[in-house]
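*Asks:* sequence below, structure please.
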Amino acid sequence: MWRVHRLGEKPRRTWQDAVVRWLREREHKAGIKEEKSKLRWLDQFFGDKMLNEINRDLIDKAAAARRKEVSLSTVNRYLALVRAILRMARDEWEWIDKIPR
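*Replies:* As a prediction, this is how the structure comes out:
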């Protein structure tokens, strides 16, 4: 905590922290059930990761695994959800400085 206050470092947050906040802020939106389903599936790849540990390789690994089961357009919807959460963590919540390309 000292580093956060004295040095201005951002506290490390997990993917689960981001998912919980994302769902809490979007619980009134249509399609939340589908998002929860996608997030449950994504949990096997990102569930134990810190946000700053999520990189292009990990995202590509999740996409490749999902591509074995569903269409490319469905994979793109999963990836859009990951990007949206990471973008929110960067831009709105200021939890991370950058997101993978």
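*Asks:* what stretches of the protein score poorly on pLDDT?
*Replies:* Applying pLDDT under 70 to the chain flags residues 1-7.
*Asks:* and the helices in it, which stretches?
*Replies:* With DSSP state H applied, the chain shows helices at 2-7, 15-26, 32-46, 56-67, 72-91, listed in chain order.
*Asks:* could you export those helices as CSV, including distance to K98 and mean neighbour count?
*Replies:* (C-beta placed from N, C-alpha, C; glycine too.) Shown next, in CSV, are the helices of the chain (distance: least, C-beta to C-beta, whole Å; neighbours: other C-beta atoms under 10 Å):
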stretch, distance to K98, mean neighbour count
helix 2-7, 18, 8
helix 15-26, 15, 16
helix 32-46, 16, 15
helix 56-67, 12, 14
helix 72-91, 7, 16
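*Asks:* run a quick neighbour tally on E9.
*Replies:* Counted with other C-beta atoms under 10 Å, residues neighbouring E9 total 11.
*Asks:* again with S71
*Replies:* By the criterion of other C-beta under 10 Å, S71 has 10 neighbours.
*Asks:* count of neighbours near K49?
*Replies:* Number of residues near K49 (other C-beta under 10 Å) recorded here: 14.
*Asks:* that one reaches T14, doesn't it?
*Replies:* Yes: at 6.8 Å, K49 and T14 qualify as touching, with contact defined as C-beta atoms under 8 Å.
*Asks:* take the helices of the chain and lay them out in CSV including distance to D97.
*Replies:* Output for these, formatted as CSV (distance: least, C-beta to C-beta, whole Å):
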stretch, distance to D97
helix 2-7, 14
helix 15-26, 14
helix 32-46, 18
helix 56-67, 16
helix 72-91, 7
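*Asks:* and the ones you listed: which comes nearest R101?
*Replies:* Comparing the helices of the chain against R101 with C-beta to C-beta, the closest turns out to be helix 56-67 (6.5 Å).
*Asks:* how far away is K49 from D57?
*Replies:* K49 is 12 Å from D57, where distance means C-beta to C-beta, to the nearest Å.
*Asks:* ok, V82 touching L42?
*Replies:* Yes: in this structure, V82 sits in contact with L42. The criterion is C-beta under 8 Å, and the distance is 6.6 Å.
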